[in-house]
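S.K.: everything below, folded, please.
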Amino acid sequence: MVGRIREQSIAEVREKARIDEVVSQYVTLRNAGGGSMKGLCPFHDEKSASFHVTPSRGFFHCFGCQEGGDVISFVMKIDGLSFGEAVERLADKSGVALMRDEGDGTYEKPKGPQRGRLIEAHKEAQAWYADQLGTPDALVARQFLDERGFDQASAQTFGVGFAPRDGEALFKHLRQKGFSVDELTTGGLVAVGRSPYDRFRGRLLWPIRDASGDTIGFGARRIFDDDRIDAKYLNTSETPIYKKSQVLYGIDLARREIGRSSQAVIVEGYTDVMACHLAGVGTAVATCGTAFGDDHAKVLRRFLNDHEEFRGEVIFTFDGDAAGQKAALRAFGGDQNFVSQTYVAVEPGGMDPCDLRIQQGDAAVRELVARRVPLYRFVLSNVVSRFDLDRADGRVDALREGAKLVTSVRDKSKVDAFARELAQMVGTDPEEARSEVRRAAARGPQKSGRPERRDSVSTTGAGGAGEEPAPARRALPDLRDPRFELERETLK
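M.R.: Modelled structure (predicted):
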């Protein structure tokens, strides 16, 4: 039986695993003065940066949710590990040889489907799949990449691989490496029917990695016409280490550039991420077989450092078809998740970044991102375009639908400007648009069941003539005003 890790080794791990470097794999940190760094807390959703790291003390603390501790407790909390697992993981990354109270002092990996073993299995699988891409059987896979402008160096950068059509090739390889059937099935690499078989067969594979660079799953594309599974893409199912609602493909490569530039580009597929990065747009990421949701936004905000002091840009790329318009509406519904300004980049011909790079080159991909338009404007234009503006009733209906969108805009100081823009789109008087926006704002809270709050009220008393005018309510201050930051910091 493996003994308890010695305190001497634990202290060495704390010393060599720099907390700022470890935390930076999950959160973009900026200098906060006094030897401290801060960013958005990864343990609760917040709009103001209250998560502080002090490298000299090896300590972190969030003034919002009160989480705190050293580098070991951070890894335990962020990855759901036990104390021993967290120490082992940090020791492995820091080059610390752990000593134990029993045995000969050598490090023995724990048995069973624990996170460390699942990560190791995926690491071995990714390396093996990458080697298979160079075999004769992978000719079709290499042709697929070549047709899309990806050479061998590109494939190596992104770890692209090939799963042989033999249904047990990976299983046999990983069993020889000492992994159990339980570990391989729990990690989603192997499925069990009459006997264990490879989850992915005869497909081109992209490793899906977390922010620290560990492979936690795979995305597999159909490349053979006689593939018995019709689905174009197969992705790793939910496992203890892979949660698709919290995973962004390419985040391991993009996270530093996202933090540096305060910009993130959301594309739709693996090849689009590759095309963007190779074209010089190093902030591109994509979801893995699911729509961009609230949990994805939380992950992205941590790397954007998305709060009042450092507002950035979130740029969505959509196709110009009906599906793209639907995706834009869905993204607009989640716009409240961000402090940063949200944009849309749509290629007029309907091409995605990968096709655009093939046909027009790297510069065209960069230009696509540079031509971004505000998300609200893209959605508003789509809503208005549904109506016949040559008819009076069509203009009225367009104005009503557009007003609903204008009232939902996050930054209320921009509502009046958006109302004027709506009036211009519809072809009506700006004051008429403002009136419709006010009516939509008045209806909105009543429909949602929330109490109505207005900046001012009518001066006519509810009881009619003879009563004193109702006092106007004072508008609440905007808590994003930079002047309040001093008060926050003083209270902290």
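S.K.: surely residue 229 and residue 220 touch.
M.R.: No. Between residue 229 and residue 220 there is no contact under CB atoms under 8 Å: 9.3 Å. Heads up, the C-betas are built off the backbone N, CA and C, glycines and all.
S.K.: residue 69 pairs with what?
M.R.: Beta-bridge pairing for residue 69 (DSSP bridges): residue 60.
S.K.: now the phi/psi pair for residue 215, please.
M.R.: Backbone torsions of residue 215, given as degrees, to the nearest 10, read phi -70, psi 130.
S.K.: er, residue 312 I mean
M.R.: Torsion angles, degrees, to the nearest 10, at residue 312: phi -120, psi -150.
S.K.: check it and give its pLDDT.
M.R.: Residue 312 carries a pLDDT value of 84.
S.K.: picking that back up, which one's more surrounded, residue 229 and residue 220?
M.R.: Neighbours were counted for residue 229 and for residue 220 using other CB atoms under 10 Å; residue 220 has more, 24 against 12.
S.K.: check the gap between the more buried one and residue 227 for me.
M.R.: Between residue 220 and residue 227 the computed distance is 10 Å (CB to CB, to the nearest Å).
S.K.: please, where are all the strands along the stretch 151-300 of the chain?
M.R.: In the stretch 151-300 of the chain, the strands defined using DSSP state E, counting those that start in this stretch lie at 161-163, 190-192, 196-198, 203-209, 215-222, 233-235, 263-267, 284-286.
S.K.: list the buried residues for the second one?
M.R.: Just to be clear, that refers to strand 190-192. residue 190 (16 or more other CB atoms under 10 Å).
S.K.: and for the fourth one?
M.R.: Burial within strand 203-209, assessed by neighbour count using 16+ other CB under 10 Å, is assigned to 203-209.
S.K.: partners of that strand, with directions?
M.R.: Strand pairing for strand 203-209, using DSSP bridges, gives strand 161-163 (antiparallel), strand 215-222 (antiparallel).
S.K.: can you work out which residues contact both of residue 220 and residue 227?
M.R.: Residues touching both residue 220 and residue 227 (CB atoms under 8 Å, 6 or more residues apart in numbering) are residue 203.
S.K.: what's the burial count for the closest residue to residue 197 other than its chain neighbours?
M.R.: Closest residue to residue 197 apart from its sequence neighbours, by CB to CB, 6 or more residues apart in numbering: residue 167 at 4.4 Å. Residues near residue 167, counting by other CB under 10 Å, number 17.
S.K.: which residues touch residue 167?
M.R.: Residue 167 touches 197-198, 201, counting by CB under 8 Å, 6+ apart.
S.K.: follow-up on the earlier one: tell me which of the strands paired with strand 203-209 lies nearest to residue 378.
M.R.: Between residue 378 and the strands paired with strand 203-209, the shortest gap by CB to CB is with strand 215-222, which sits at 27.6 Å.
S.K.: hmm, who's touching the closest one?
M.R.: Counting by CB under 8 Å, 6+ apart, 118-119, 122-123, 125-126, 129, 144, 159, 163, 188, 200, 203-210, 229-236, 239, 241-242, 247, 249, 270, 288-289 sit against strand 215-222.
S.K.: okay, strands next: where are they in the stretch 301-450 of the chain?
M.R.: 313-317, 341-345, 373-374.
S.K.: return the most buried member of those strands.
M.R.: strand 313-317 (a mean of 25; mean count of other CB atoms under 10 Å).
S.K.: give me the packing partners of that strand, helices and strands only.
M.R.: Applying 3 or more CB pairs under 8 Å, 6 or more residues apart in numbering; DSSP states H and E, we find strand 313-317 packed against strand 263-267, helix 322-333, strand 341-345, helix 362-370.
S.K.: mean neighbour count, these: which tops it?
M.R.: Most buried among those, given mean count of other CB under 10 Å as the contact rule, is strand 263-267, at a mean of 26.
S.K.: contact partners of it?
M.R.: Taking CB under 8 Å, 6+ apart as the rule, strand 263-267 contacts 254, 258, 273, 276, 281, 283-287, 292, 300, 303-304, 312-317, 345, 352-353, 369.
S.K.: got the angle for that strand vs strand 341-345?
M.R.: Counting by axes from the mean of the first three to the mean of the last three CA atoms, to 10 degrees, strand 263-267 lies at 40 degrees to strand 341-345.
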